[in-house]
Each structure stands twice: as C-alpha cells, then as structure tokens.
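Asker: how does the following fold in three dimensions:
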Amino acid sequence: MAGSLPSVVDAAVIRGVDEPFALEALKLGPLGPRDVLVRIAGVGICHTDLALRGPAGQELHPVVLGHEGSGTVAATGAEVDGVAVGDSVVLSYDSCGHCARCRTGRPYFCATWFDLNSGKAESRTHATLTDATGAPVNNTWFGQSSFANYSVATAHNVVKVSPDLPLEILGPLGCGLQTGAGAVVNVLGLRPGQSLVVFGVGAVGLAAVMAARISGAGAIVAVDVVPERRELALTLGATHAVDGASPELSVQLQSITGGADFAFDTTGRSAVVATAIDALAQGGTCALAAPGEELRLPAQQIVFGRRLTGVLEGDAVPGVFIPQMIEWWQSGLFPFDKLVERFPLHEINTAVDAAASGRVVKPVLIP
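Answerer: Model (predicted):
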C-alpha cells in the first residue's frame with residue numbers, strides 16, 4: 001500500500017427510508033489490493049442518489065451514497081498502477097476491467113456492472129466502513145460512495161486530470177454530464193444539421209443540449225415545465241424551448257422540426273416517452289436515460305423505422321470522455337460550471353431540497 005489512511009471518515013449516512021442524511025464518523029478498514037482512497041474535493045448530487053433514499057434503496061441501508069466525486073488520491077492498494085498519491089482524479093462508474101466487454105472498450109456494458117455499481121459489490125474486495133457500534137455501513141455505491149470527506153474508489157473508476165483544474169466542481173462529469181453528452185455523441189451519433197428534442201433539461205438534459213450544439217445540430221429543442229430551466233437551455237445552445245405542460249406540445253414540436261431525427265428523454269415517464277417518440281420523423285431514434293416506470297406505447301409509434309434505445313452512462317469510456325468534456329469546457333463549448341452551486345457537506349439536506357425542488361440544477365457538496 002502507498003500513502004497513509006485516516007482512522008475515521010466523515011460521511012453522510014442514510015439509515016432508513018426517506019430519512020434525512022446524517023453526518024457520522026465511520027471507521028475505515030484496510031484497503032483492498034485495487035482500492036484507491038480519494039480525499040474528496042467535491043461531489044455532485046444526482047437524482048439517482050435521491051431515489052436511493054426511498055424504498056428502492058432500502059436493502060442497502062445504512063449506506064453512504066454519492067457517485068459524482070472528485071478529489072486527490074490519498075492512498076492506493078498494493079496492485080494499483082496508473083495513479084499515485086497526490087494525483088487529482090475524477091470518479092466515475094466502476095467496471096471489472098477483465099470481462100469480454102471491458103477488454104473490447106465497452107466498460108459501460110461490463111458483465112458485473114450492476115453488481116459493482118448498485119451498491120452490493122459482492123465481487124469486489126474493498127475497504128469497509130463501520131459505525132460507532134462496529135456495524136458495517138455500505139460504501140460501494142457506484143464504486144465510490146462519495147458523500148464523504150474520503151471515498152474508497154477503485155483502480156478502474158478513477159480518471160487522472162490536471163491539478164490546475166477547479167477540482168471541486170469536476171465530479172458531475174463522471175455521471176450526469178457524461179450521460180447527457182454521451183447520449184448525443186456516442187449513442188445517437190448526431191451529425192451536423194440533424195435535429196434533437198430533449199425532454200427534461202436538468203443536468204443530464206442540459207449536457208445533451210451543449211453536446212448537440214458542439215456536434216453542429218440544426219434544431220435543438222428543450223422541453224421542460226420549469227421556465228427557468230427553459231431559459232437556461234437557450235443560453236447553453238438550445239434553438240427553441242417549449243413548455244412541457246402545453247396541451248399543444250406535439251403540434252409545436254412538429255412545427256419546429258417537421259419530425260425530429262432524435263429525441264432524448266431524461267424523465268423516465270411513460271407519457272413523456274410516448275410524446276418523445278411521436279416527435280420523431282420516420283427513421284428517428286429516441287434515447288432513454290432514466291426509465292423509471294413501465295412503458296406503455298401505442299403500437300403505431302414504433303413502426304416506420306422509429307427506434308427506442310436505452311442509455312447507460314452515455315456509452316462513455318470515462319478515461320476518454322471525461323478529458324474530452326474538460327477540453328470542451330476549456331474551449332468555452334461546454335460551460336457546465338453554469339449549472340453548479342456549491343454547498344458545504346454538512347448542509348447536504350439543504351442541497352438535496354434545492355435539487356428536488358428544481359431551484360438548483362447541480363448542487364455540489366464540498367467536504
């Protein structure tokens with residue numbers, strides 16, 4: 001092992017369904033051979049984290065959530081290479097690194113992806129966290145559980161970046177922004193002049209808007225029920241912004257695009273997905289970032305060559321795509337920093353409320 005370990009990690013813990021986060025001092029166990037201990041500089045709040053506070057995450061409780069972390073390497077396990085103590089890193093999703101999909105450059109389809117990222121991580125040997133009573137607290141959410149001042153990440157989900165960057169705000173590049181931008185660039189493969197309609201312009205949707213502008217899209221239509229989000233989308237590259245609650249929504253979309261080449265849904269709502277597919281031209285594709293309920297679609301919507309596809313982390317290889325997004329940002333093409341508002345880690349419940357209400361697009365917690 002290289003580096004030194006803190007005896008205690010200060011982390012925001014969820015112990016029961018819909019309970020608030022509570023800061024606790026947790027004991028850190030020995031690092032596993034492929035562990036990378038990261039001193040967290042900042043961590044974004046994602047709606048997936050909020051969902052795990054509820055019944056969907058009950059089997060993981062007590063748990064440290066957070067999966068958009070960034071920071072500095074504090075220690076490494078015995079088998080870690082590629083990063084060293086003192087390196088600045090962004091954390092992303094975990095992968096095994098050795099299955100057929102990982103070996104062919106598709107870690108987002110890793111054979112053990114759901115085990116490693118769902119918080120169970122039964123296939124991973126890792127440093128554990130225990131509370132004051134000696135009971136374990138789950139710390140493998142997306143291979144990082146980064147709502148804390150230290151995160152136990154892995155050799156496969158840390159991406160080295162320049163120490164000259166504003167490290168505390170880079171974490172969201174590892175999930176939400178990667179998902180939205182990757183959906184446009186990697187999944188849909190949008191080409192210059194093609195049209196895109198984005199349903200829901202939170203962090204994921206706004207990343208898609210920015211990536212569409214970078215890709216040279218023609219019409220970029222932002223659909224949302226929040227006026228402030230629509231206005232923000234227009235400043236970030238949308239050519240049109242439409243109220244998602246409008247009874248004439250489908251007519252408005254058709255009048256703008258004449259039938260879109262692509263649609264991207266970030267809401268996971270069946271009725272919205274149906275509207276998204278209806279907005280497509282023949283041969284168009286709708287991508288889904290967050291299927292949250294059973295989909296019910298009229299049969300005629302998926303004929304005439306219309307396609308429906310899921311998006312998992314934007315089909316992005318973090319070690320390639322995160323540096324690409326940083327390069328876009330440095331060139332002024334991907335101003336994701338306009339989405340960020342900082343909160344101290346101890347104000348996590350205030351930040352959660354700000355995210356849930358829609359007042360803040362991307363809260364970032366600073367330990």
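Asker: tell me how far stretch 240-253 lies from the chain's centre.
Answerer: The chain centroid and the centroid of stretch 240-253 are separated by 27 Å under CA atoms, centre = their mean, to the nearest Å.
Asker: buried sites along that stretch?
Answerer: Judged by neighbour count (16 or more other CB atoms under 10 Å), stretch 240-253 contains these buried residues: 240-242, 244, 249, 252-253. Bear in mind the C-beta positions are built from the backbone N, C-alpha and C, glycine included.
Asker: likewise for stretch 90-98?
Answerer: 90-96.
Asker: next: stretch 146-165.
Answerer: Residues of stretch 146-165 classed as buried by neighbour count (16+ other CB under 10 Å): 146-161.
Asker: please identify which of those residues is nearest to A351.
Answerer: Closest approach to A351 among these (CB to CB): F147, at 10.1 Å.
Asker: contacting residues around that closest one?
Answerer: Shown in contact with F147 (CB atoms under 8 Å, 6 or more residues apart in numbering): 11-12, 21, 43, 49, 64-66, 345, 348, 365.
Asker: closest to R229 out of those?
Answerer: Closest approach between those and R229, by CB to CB: D49, at 19.7 Å.
Asker: if I look at the closest residue to that closest one other than its chain neighbours, how far off is V251?
Answerer: Among residues not flanking D49 along the chain, L65 sits closest, at 4.4 Å (CB to CB, 6 or more residues apart in numbering). Distance, L65 to V251, by CB to CB, to the nearest Å: 41 Å.
Asker: same question, S195
Answerer: Distance from S195 to V251, by CB to CB: 16 Å.
Asker: helices of this protein, start to end?
Answerer: Taking DSSP state H to define them, one finds helices in the chain at 47-51, 100-103, 113-117, 176-182, 203-214, 227-235, 249-257, 270-278, 318-330, 348-357.
Asker: V226 contacts G358, doesn't it?
Answerer: Yes. Here V226 lies in contact with G358, judged by CB atoms under 8 Å, at a distance of 5.3 Å.
Asker: more neighbours: which of the two?
Answerer: Higher neighbour count among V226 and G358: V226, with 18 against 13, using other CB atoms under 10 Å.
Asker: against A271, how distant is the more buried one?
Answerer: Separation of V226 from A271 (CB to CB) stands at 17 Å.
Asker: ok, V83 next?
Answerer: According to CB to CB, V83 stands 45 Å off from A271.
Asker: which one's more surrounded, these two?
Answerer: A side-by-side neighbour count of V83 and A271, using other CB under 10 Å, places V83 first with 18 against 12.
Asker: surely the more buried one is in contact with A74?
Answerer: No. The pair V83 / A74 is not scored as a contact, 11.1 Å apart, by CB under 8 Å.
Asker: now R53: closest residue in space that isn't a chain neighbour?
Answerer: R53 sits nearest to I14 (CB to CB, 6+ apart), 5.4 Å away.
Asker: tally of neighbours for the one you found?
Answerer: Around I14 there are 25 residues (other CB under 10 Å).
Asker: likewise for P30?
Answerer: By other CB under 10 Å, 11 other residues sit near P30.
Asker: what's the answer for D115, then?
Answerer: Neighbours around D115, by other CB under 10 Å: 17.
Asker: got the contact list for the closest residue to it other than its chain neighbours?
Answerer: Spatial nearest neighbour of D115, chain neighbours left out: S123 (5.3 Å); criterion: CB to CB, 6+ apart. By CB under 8 Å, 6+ apart, the residues touching S123 are 96, 112, 115-116.
Asker: any idea of the pLDDT on S123?
Answerer: pLDDT, S123: 81.
Asker: rewinding a little: please look at the residue nearest to D49 and S145 and confirm they touch.
Answerer: Yes. If you go by CB under 8 Å, L65 and S145 touch, sitting 6.6 Å apart.
Asker: okay, strands next: where are they in the stretch 51-200 of the chain?
Answerer: With DSSP state E, counting those that start in this stretch as the definition, the stretch 51-200 of the chain shows strands at residue ranges 63-64, 69-76, 88-91, 129-130, 136-137, 150-154, 158-161, 196-199.
Asker: nearest to D278, out of those strands?
Answerer: D278 lies closest to strand 196-199 among the strands of the stretch 51-200 of the chain, at 10.3 Å (CB to CB).
Asker: that closest one - which strands sit beside it in the sheet, and in what orientation?
Answerer: Strand 196-199 has the following sheet partners, assigned by DSSP bridges: strand 220-224 (parallel), strand 260-265 (parallel).
Asker: tell me, how many residues neighbour S357?
Answerer: Residue neighbour count, defined by other CB under 10 Å, stands at 9 for S357.
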